[in-house]
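Colleague: Sharing a model that was predicted from the sequence below.
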Amino acid sequence: MSERTMPAVVQYDLAAGAVELRELSRPQPGEGEVVLAVGAVGVCGSDVHQYHATQSWPVATPVVLGHEFTGVVAALGPGVSAWHEGDRVVSETAAFICGACALCRSGNYNLCPHRKGFGYGIDGAMAGYVSVPARCLHRIPEHLPFEATAVTEPACVAYNAVVERSALRPGDSVLVLGPGPIGLLCLLMARLRGASTTIVAGLSRDAARLALARTLGATHTVEIDTADVLEAVRGTGDGIGVDLVIDAAGAASAFQLALAAVRPMGQITKVGWGPGPLGFSLDPLVQKAVTLNGSFSHTYGTWERVIGLMASGQLDVTPLVGLRVPLAAWQQAFDGMHTGDVVKAVLTP
């Protein structure tokens, strides 16, 4: 490998298993862009879905995977003046936005209909270097290690779902469906928000993740294939349901369970993806007068708040990082997350 090339984890086709380590040319920064030397990149469940060709979103192959990344500014493109080589940064994921639609102009650029994200629409950061629009960058303090700041993006997803898209009050009860990285980060956000009862539900194969949920402060955990989640819900508070259900699983069965577990006039916030049909009635949503919110991605203010929480020590994401391996061991990281043995894997190019 020469100084002009770099290793990169590339999805080269839409077929299952069509991912490999390749040697690519290093990117050059364009107008308004910087090139980052990648310090760490998190493996997301969406990366694993793309590896297995089970994603429910379009992917423009060939594409370098990876959208949860952090690093050091290595080169500046024309028109960039607010950044310097050597700056430690973390990047947002909206690699391309139109900047002209009503959503972009109102600050809701995460919902831009023309948005393209790193790792599926534009080359991502599972590589030695990545080119990034300067508008995506946020400074990170020296005392935060890259393996922690690589988890900033999913933490922002959880912050948006729990804090910005839900009306969660101190003393409320919360049920989190799905103990993956997003679900566990939603648990942490609910605790920061002042939830008194926090129930995390998963499958028996998620036993290690549910154990981690208890370590992170969950008051109850339930294996839904061996125990009754609704019984756990009835055993807390006044027994008529939780104030908020966070659906971080995405499957239709999880949403049906959310409708059963939420209290009248409660809330369901759906952050998990699931392409399958529902196959059941939504009448409980009406009968209980439930507020249903979708939550997607994040914006500038979300990132600044989450970085602030991490910098102050109020939000510690490091217990989620169960595997740290070099880029060449990407398949080990993907497989560990696919089986559930690893909550969050981080690659270090």
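Modeller: Yes, it's here.
Colleague: Leu309 falls within a helix, correct?
Modeller: Yes. Looking at Leu309 with DSSP: H, G, I helix; E, B strand; the rest coil, it is inside a helix.
Colleague: and the gap between it and Tyr159?
Modeller: 8 Å (CB to CB, to the nearest Å). For the C-beta atoms, the positions are set from N, CA and C on the backbone; glycine is no exception.
Colleague: Give me the more crowded residue out of those two.
Modeller: Tyr159 (27 against 18; other CB atoms under 10 Å).
Colleague: doesn't Ala248 make contact with Gly180?
Modeller: Yes. Here Gly180 lies in contact with Ala248, judged by CB atoms under 8 Å, at a distance of 6.5 Å.
Colleague: Just to be sure, Val163 is in a helix?
Modeller: Yes. Under three-state DSSP, Val163 falls within a helix.
Colleague: Can you get me the start-to-end distance on stretch 136-151?
Modeller: Stretch 136-151 has an end-to-end distance of 16 Å (criterion: CA to CA, to the nearest Å).
Colleague: May I see the buried residues of that stretch?
Modeller: For stretch 136-151, burial by neighbour count (16 or more other CB atoms under 10 Å) applies to 136-138, 140, 144, 146-151.
Colleague: quick one: strands adjacent to the helix or strand where Pro264 lies?
Modeller: If you go by DSSP states H and E, Pro264 is part of strand 262-270. Next to strand 262-270 in the sheet, as set by DSSP bridges, lie strand 242-247 (parallel), strand 291-294 (parallel).
Colleague: Serialize these to TSV and add fields for distance to Gly99.
Modeller: Shown next, in TSV, are these (distance: least, CB to CB, whole Å):
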stretch	distance to Gly99
strand 242-247	31
strand 291-294	23
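Colleague: right, so these: which one is the most enclosed?
Modeller: Using mean count of other CB atoms under 10 Å, the stretch among the strands paired with strand 262-270 with the largest mean neighbour count is strand 242-247, at a mean of 28.
Colleague: rewinding a little: look at Gly180 and Ala248 and report which has more neighbours.
Modeller: Between Gly180 and Ala248, counted using other CB under 10 Å, the more crowded position is Ala248 (29 against 24).
Colleague: Can you get me a residue count around Ala251?
Modeller: 16.
Colleague: can you check Thr54 too?
Modeller: Applying other CB under 10 Å, we find 10 residues neighbouring Thr54.
Colleague: Report the separation between the residue nearest to Pro264 when sequence neighbours are not counted and Ala232.
Modeller: With sequence-adjacent residues excluded and distances taken as CB to CB, 6 or more residues apart in numbering, Pro264 is closest to Lys288, at 4.4 Å. Distance of Lys288 to Ala232, computed by CB to CB: 19 Å.
Colleague: now do the same end-to-end measure for stretch 287-304.
Modeller: 39 Å.
Colleague: Can you give me the buried ones in it?
Modeller: The neighbour-count check on stretch 287-304 (16+ other CB under 10 Å) flags 288, 290, 292-293, 295, 297-299, 302-303 as buried.
Colleague: Stretch 84-96 too?
Modeller: Of the residues in stretch 84-96, 87-95 count as buried by neighbour count, 16+ other CB under 10 Å.
Colleague: Helices of the stretch 151-300 of the chain, residue ranges please.
Modeller: Here the stretch 151-300 of the chain has its helices, by DSSP state H, counting those that start in this stretch, at 152-159, 181-193, 207-215, 229-234, 252-261, 283-287, 300-312.
Colleague: returning to that earlier point: which one of the buried residues of stretch 84-96 is nearest to Lys344?
Modeller: Among the buried residues of stretch 84-96, Val90 lies closest to Lys344 (CB to CB), at 15.2 Å.
Colleague: what's the closest non-adjacent residue to the closest one?
Modeller: Spatial nearest neighbour of Val90, excluding adjacent residues (CB to CB, 6+ apart): Thr70 at 4.3 Å.
Colleague: quick one: contacts for the one you found?
Modeller: Going by CB atoms under 8 Å, 6 or more residues apart in numbering, Thr70 touches 38-41, 88-91, 140, 146, 149-150, 152.
Colleague: What's opposite it in the beta bridge?
Modeller: Applying DSSP bridges, one finds that Thr70 bridges with Ala40, Val90.
Colleague: So for it, what pLDDT did the model give?
Modeller: For Thr70, the pLDDT comes out at 98.
Colleague: do Trp273 as well
Modeller: Model confidence at Trp273, given as pLDDT, is 88.
Colleague: Next, count neighbours for it.
Modeller: 16.
Colleague: Hmm, it is touching Ala249, no?
Modeller: No. Using CB under 8 Å, Trp273 and Ala249 do not qualify as a contacting pair, with a distance of 9.5 Å.
Colleague: Between the helices of the stretch 151-300 of the chain, which one is closest to Tyr129.
Modeller: Checking those against Tyr129 by CB to CB gives helix 152-159 as the closest, at 18.4 Å.
Colleague: what ranges do the strands span in the stretch 51-200 of the chain?
Modeller: Secondary structure of the stretch 51-200 of the chain, counting by DSSP state E, counting those that start in this stretch: strands at 63-64, 68-76, 88-91, 129-133, 137-139, 173-177, 197-202.
Colleague: what lines up beside the fifth one in the sheet?
Modeller: When pairs are called by DSSP bridges, strand 137-139 turns out to pair with strand 88-91 (antiparallel).
Colleague: any idea of the mean pLDDT for the partner strand?
Modeller: Strand 88-91 comes out at a mean pLDDT of 98.
Colleague: what's the distance between that strand and the middle of its chain?
Modeller: Chain-centre distance of strand 88-91: 16 Å, with CA atoms, centre = their mean, to the nearest Å.
Colleague: Many thanks, I have nothing further to ask.
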